[in-house]
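Colleague: Here is a sequence with its predicted model. Questions after.
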There are 2 protein chains.
Amino acid sequence: MTVPTTGRRERKKAATRQKIADTALRLFLERGYDAVGIRDVASEADVAVTTLFSHFASKEALVFERDGDFEQRLTQAVIDRAQHEPLIPALRREIHALVRHCTTNGAAPIWRLIDESPALREYEESMRLRHAESLATALVAAPDLQQSATACRTIARFVIDAYSLAREAVDPQAAVDEIFHMIEAAWKVTCPSASGRRGSDGSRLRA
Amino acid sequence: MTVPTTGRRERKKAATRQKIADTALRLFLERGYDAVGIRDVASEADVAVTTLFSHFASKEALVFERDGDFEQRLTQAVIDRAQHEPLIPALRREIHALVRHCTTNGAAPIWRLIDESPALREYEESMRLRHAESLATALVAAPDLQQSATACRTIARFVIDAYSLAREAVDPQAAVDEIFHMIEAAWKVTCPSASGRRGSDGSRLRA
DNA sequence: ACCGTAACACTAACGGTTAGTGTTTAGTAA
DNA sequence: TTACTAAACACTAACCGTTAGTGTTACGGT
């Protein structure tokens, strides 16, 4: 970790990764997800199959190349808050932005791709759960929040649900507001000016 | 559909299905999910691989043989309510029962199996989403509820989240109560004695 | 007794994924 | 420079879940 992002090697590696991802997305959009095999992607990107799998854990991961950003943005929205800035509005703002980003015209073909492939749908669901868990961790760790671990995990799930439900709704932005109205209410009843952190359980999250 | 469950054929089919499921579960518990192949299960149950797949859609489905019950019980809890019996307590009762059922000592090895296999975890997540969708449909259809479709879908998700989170918690029963306290609050803000069904979107659920 | 159909069987393959084994390339230190 | 190390990459061959294609039986309704 002496020099973060220099080095020809790292640049080449990133370039290879990007070339694979771009090629994959292009082929998927051209011919459909199921009609394109891993071997097709590999040969079109001019890499070996094993190389492809050293960059991406699965075929589905090729489509969700930038999912780390999503996770990052949510946890940062919690961490970067000004001290005692209310949590829920901050999260709502972030979800609004993310939903807007996904419902942009340019992103539509990709989401059509996802919606039409059960494998991709399942993968995305699983991703969301990971995001909820890392958001939960951020909430539990936030020094200004006094809620129980269960309450934090619950709110984390609810927030991710809001994203997922809003994306499917006819009017995504309005849906975000409607759902966050509910989330706000759920959050408020967990901190009725009580003394310390209450709760029904310890701090275990899945490993 | 003259006679529902008579007929030797149907009995034989059910017996075959059960034999496959039992054999599979036994082998999985003995040797671990990943260490047992479909071909192992099939030959041990003395059926062809194709027969196995005509009874179960996937390897994971062998483990969640009775998942239809779960879905059924939740939607029934909504439908079978006495007229104007409050929704949330009815759902809480049902989730309490389901969580208790899952955290019984006898069920522990099966859940260990699931927790240790990523494939099974993913499958269960996907199942839960299906359950949430069918619960949402039941809520939208309930004649005594005046909430928007978005609110119904949201509550359905939250209820399923409650189940999932409680199962992971140290004290599952207490977690159910804590989470339902939040759900109750979220539900209440959707019906502040308003006139008709409000909402931000139509009634589309995924096909 | 007869026919339609649903359950079951078998072979062979397809497609994602991985193990095993090398070969090249780039950063590093003598 | 030279030599060393490690990482990226390549190739073959397989494993395993799953499905298509094709029959074969046996039950149930008529």
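Modeller: Perfect, thanks for sending it.

Colleague: List the buried residues of the helix or strand bottoming out on mean pLDDT in chain A.
Modeller: Ranking every helix and strand in chain A by mean pLDDT, DSSP states H and E puts helix A:8-31 at the bottom, with a mean of 91. Of all the residues in helix A:8-31, those buried under the rule 16 or more other CB atoms under 10 Å in any protein chain shown are A:16-17, A:20-21, A:23-25, A:27-28. Yep, even glycine has a C-beta here, placed from its N, CA and C like the rest.

Colleague: Send over it as PDB, restricted to the C-alpha atoms.
Modeller: Output in PDB follows, covering the C-alpha atoms of helix A:8-31 (Å, rounded to 0.1, in the frame of the first residue of the first chain):
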ATOM      1  CA  ARG A   8       1.400   0.000 -14.700                       C
ATOM      2  CA  ARG A   9       0.300  -3.300 -13.400                       C
ATOM      3  CA  GLU A  10      -2.700  -2.000 -11.600                       C
ATOM      4  CA  ARG A  11      -3.600   0.100 -14.500                       C
ATOM      5  CA  LYS A  12      -3.500  -2.900 -16.800                       C
ATOM      6  CA  LYS A  13      -5.500  -4.900 -14.400                       C
ATOM      7  CA  ALA A  14      -8.100  -2.200 -14.100                       C
ATOM      8  CA  ALA A  15      -8.200  -1.900 -17.900                       C
ATOM      9  CA  THR A  16      -8.700  -5.600 -18.300                       C
ATOM     10  CA  ARG A  17     -11.500  -5.600 -15.800                       C
ATOM     11  CA  GLN A  18     -13.200  -2.700 -17.500                       C
ATOM     12  CA  LYS A  19     -12.800  -4.200 -20.900                       C
ATOM     13  CA  ILE A  20     -14.400  -7.400 -19.700                       C
ATOM     14  CA  ALA A  21     -17.300  -5.500 -18.100                       C
ATOM     15  CA  ASP A  22     -17.900  -3.300 -21.100                       C
ATOM     16  CA  THR A  23     -17.800  -6.200 -23.500                       C
ATOM     17  CA  ALA A  24     -20.200  -8.200 -21.300                       C
ATOM     18  CA  LEU A  25     -22.700  -5.500 -21.000                       C
ATOM     19  CA  ARG A  26     -22.600  -4.800 -24.700                       C
ATOM     20  CA  LEU A  27     -23.200  -8.400 -25.600                       C
ATOM     21  CA  PHE A  28     -25.900  -8.800 -23.000                       C
ATOM     22  CA  LEU A  29     -27.700  -5.700 -24.400                       C
ATOM     23  CA  GLU A  30     -27.300  -6.900 -27.900                       C
ATOM     24  CA  ARG A  31     -28.300 -10.500 -27.600                       C
END
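
Colleague: Any part of that helix near DNA strand D?
Modeller: Yes. With CB under 7 Å from any atom of the strand as the criterion, DNA strand D is reached by helix A:8-31 at A:9, A:12-13, A:16.

Colleague: Repeat that for stretch A:45-63.
Modeller: Yes. Stretch A:45-63 is in contact with DNA strand D by CB under 7 Å from any atom of the strand, via A:46-51, A:54-55.

Colleague: now for those residues, which pair is the farthest apart?
Modeller: A:D46 and A:S54 (15.0 Å; CB to CB).

Colleague: which other residues reach stretch A:176-194?
Modeller: Outside stretch A:176-194, the residues within contact range by CB atoms under 8 Å, 6 or more residues apart in numbering or on different chains are A:87-88, A:91-92, A:95-96, A:99, A:146-148, A:151, A:154-155, A:158-159, A:161-162, A:165-166, B:148, B:150-151, B:154-155, B:158, B:181-190, B:199-200.

Colleague: Let me see the contact set for the nearest residue in space to A:A45 that is not next to it in sequence.
Modeller: Excluding the flanking residues, the one nearest A:A45 by CB to CB, 6 or more residues apart in numbering or on different chains is A:T23, at 4.0 Å. Each residue near A:T23 by CB under 8 Å, 6+ apart is listed here: A:41, A:44-45.

Colleague: just the buried members of those?
Modeller: For the contacts of A:T23, buried by 16+ other CB under 10 Å: A:41, A:45.

Colleague: Which strand or helix spans the spatially most central residue of chain A?
Modeller: For chain A, the residue sitting closest to the mean C-alpha position, by CA atoms, centre = their mean, is A:F70 at 3.9 Å. Using DSSP states H and E, A:F70 falls within helix A:67-79.

Colleague: hmm, back to that, any chance of the buried residues of helix A:8-31 in a markdown table, with distance to B:D177 too?
Modeller: A markdown table is the format used below for the buried residues of helix A:8-31 (distance: CB to CB, whole Å):
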| residue | distance to B:D177 |
| --- | --- |
| A:T16 | 52 |
| A:R17 | 47 |
| A:I20 | 49 |
| A:A21 | 46 |
| A:T23 | 52 |
| A:A24 | 47 |
| A:L25 | 46 |
| A:L27 | 51 |
| A:F28 | 46 |
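
Colleague: Chain A against DNA strand D: which residues are in contact?
Modeller: Counting by CB under 7 Å from any atom of the strand, chain A sits next to DNA strand D at A:9, A:12-13, A:16, A:46-51, A:54-55.

Colleague: And the residue nearest to the centre of chain A, how far from DNA strand C?
Modeller: The spacing between A:F70 and DNA strand C, counted by CB to the nearest atom of the strand, to the nearest Å, is 20 Å.
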